[in-house]
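Undergrad: test case, fold it:
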Amino acid sequence: MQKQWWVAAGVAVVVFWFFISIEPVLMPFFISMILAYLGDPLADRLEAMGLSRRLSVSLVFLLLTLIIGLTLLLVVPILGRQLGQLVEALPVVLIWVQSTVVPHIQSLTGMDLSTDIDEIRQAVVDNWKETGSFAAGLLAQASRSGLALIAWIANLALIPVVTFYLLLDWDAIMAKCRASLPRSWEPSLVRLARECDEVLSAFLRGQLIVMLCLGAIYAVGLTLLGVSFGVLIGMLAGLASIVPYLGVIVGISVAGLVAFFQFGDWLILVGVAAVFGFGQFVETVVLQPKLLGDKIGLHPVAVIFAVLAGGQLFGFTGVLLALPVAAMIMVVLRYLHGHYKNSSLYDADRHRLKDEELP
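TA: Down below sits the predicted model:
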């Protein structure tokens, strides 16, 4: 039995090393796996209604394509435009801080911050210039490198193709994986897989929807108030909501500063607070109970660590998969913790008494 565990550990190490080695080509396959995982329950429901698997998958694939396409067409141009406006406004904001905010701080504390703010403003301007030059050089290099451009386009083109075929054969792939498990391990591994599926469903189909809904609420509310960069701030606050309370703290801070700089009136801060308060009310009363419940079980510190560790190990692919993988690791750790609490290593006296009670 011990030899089997060593073999399994060796195989796991080899697989991990293999995935690290081919990390640059994994992103389209991981994105396709996530999309297929999200779409499979709907395809199963359509199939249960009497449609063929291919027709069910085709309808789900069409729905996913429409959602992603509309998002790219409607949201991305707005975000790009507001991001450009924000870049242009940063030096002006720093000048306002230097001329309006710093004198008040100096009168209250006696600290001379004008020199520091001027250095910060100059550094921001210089860095944005360097960033623009670097981006232009990068685009020029990409345009000259035909192979890199072709590889990038090919990776994007792979996503819909791989997603469709994974959706089509998802149930068959899962059945083959289950049939390949060692018979003695199969009950425990299947139970762990089901718990992981519950956690992943809560995260991928729940937490992402919560984040998008909060981003939409914040963006629409700030836009109706007339706050500049309302869509950008709202969507960033929605994404930051992946860590509990981080989204509302970041969003209300940034939106409050932008709104006060724009209108110069303290009353606008009441409106900003109302927008984020309404978002928190909807999340607490409607979104969290309906979509998440208490299934994820990831501490906010664990969320931050998982995202940073995933980015350090696998770049953008690691960030994309950090939280789903962390959620599954938590399921396995809870399983191992339960075994540890029932083992002689944790309570030798209890196991000794049990052994003495046996005939």
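Undergrad: show me the shaky parts of the stretch 151-300 of the chain.
TA: For the stretch 151-300 of the chain, applying pLDDT under 70 flags the ranges 151-152, 244, 291-298.
Undergrad: what segments of it are strands?
TA: Using DSSP state E, counting those that start in this stretch, the stretch 151-300 of the chain contains no strands.
Undergrad: report the buried residues of stretch 61-81.
TA: 61, 64 (16 or more other C-beta atoms under 10 Å). The C-beta positions use only the backbone N, C-alpha and C, and glycine is treated the same way.
Undergrad: show me the contacts for F260.
TA: 266, 268-269 (C-beta atoms under 8 Å, 6 or more residues apart in numbering).
Undergrad: S180: which of the residues you listed is nearest?
TA: S180 has its nearest neighbour among those in L269, at 59.2 Å by C-beta to C-beta.
Undergrad: so for that closest one, what's the nearest residue that isn't a sequence neighbour?
TA: Among residues not flanking L269 along the chain, G256 sits closest, at 5.3 Å (C-beta to C-beta, 6 or more residues apart in numbering).
Undergrad: give me the buried entries from the contacts of F260.
TA: In the contacts of F260, the ones that pass as buried (16+ other C-beta under 10 Å) are 268-269.
Undergrad: dump the contacts of F260 to TSV, plus distance to A172.
TA: Listed next are those as TSV, based on distance: C-beta to C-beta, whole Å:
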residue	distance to A172
W266	62
I268	57
L269	56
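Undergrad: and the contacts of F260, which is closest to I329?
TA: L269 (41.2 Å).
Undergrad: I'd say the closest one and F261 touch.
TA: No. Using C-beta atoms under 8 Å as the test, L269 is too far from F261 to be in contact (11.4 Å).
Undergrad: picking up where we left off before, burial of the residue nearest to L269, as a residue count?
TA: Neighbour count of G256, defined by other C-beta atoms under 10 Å: 17.
Undergrad: for it, give me its contacts.
TA: 269, 272-273.
Undergrad: which one of the residues you listed sits closest to I22?
TA: V272 (46.3 Å).
Undergrad: check the contact between that closest one and L225; I expect there is one.
TA: Yes. Between V272 and L225 a contact is recorded at 6.9 Å, counting by C-beta under 8 Å.
Undergrad: how about the nearest residue to F263, chain neighbours excluded?
TA: G226 (8.0 Å).
Undergrad: any idea how far that neighbour is from L257?
TA: 15 Å (C-beta to C-beta, to the nearest Å).
Undergrad: of the two, give the one with the bigger neighbour count.
TA: With neighbours defined as other C-beta under 10 Å, G226 and L257 compare such that L257 has more, 16 against 12.
Undergrad: ok, R194 - how many residues close by?
TA: With other C-beta under 10 Å as criterion, R194 counts 11.
Undergrad: revised request: answer the last question for L214.
TA: For L214, using other C-beta under 10 Å, the count is 26.
Undergrad: roughly how far apart are the spatially closest residue to it that is not a sequence neighbour and S21?
TA: In space, L214 comes closest to G238 once its chain neighbours are excluded; the distance is 4.4 Å by C-beta to C-beta, 6+ apart. Shown here: G238 relative to S21, a distance of 35 Å by C-beta to C-beta.
Undergrad: more crowded one of the two?
TA: Higher neighbour count among G238 and S21: G238, with 22 against 8, using other C-beta under 10 Å.
Undergrad: ok, that one - contacts?
TA: Contacts of G238 by C-beta under 8 Å, 6+ apart are 211-219, 247.
Undergrad: let's see that with 6 Å instead.
TA: Residues near G238 by C-beta atoms under 6 Å, 6 or more residues apart in numbering: 211, 214-215.
Undergrad: got it, and L323?
TA: A306.
Undergrad: separation between it and V303?
TA: For L323, the distance to V303 - C-beta to C-beta - is 7 Å.
Undergrad: next, count neighbours for the residue nearest to L166 when sequence neighbours are not counted.
TA: Leaving aside its chain neighbours, L166 sits nearest to A36 (3.8 Å; criterion: C-beta to C-beta, 6+ apart). Using other C-beta under 10 Å, A36 has 24 other residues around it.
Undergrad: pLDDT wise, what is A36 at?
TA: For A36, the model assigns a pLDDT of 87.
Undergrad: now it, what are its backbone angles?
TA: The phi/psi pair for A36 (degrees, to the nearest 10) reads phi -70, psi -40.
Undergrad: now do L63
TA: Taking degrees, to the nearest 10 as the convention, L63 sits at phi -60, psi -50.
Undergrad: how near is it to L70?
TA: Distance from L63 to L70, by C-beta to C-beta: 11 Å.
Undergrad: and if you look at S201?
TA: 24 Å.
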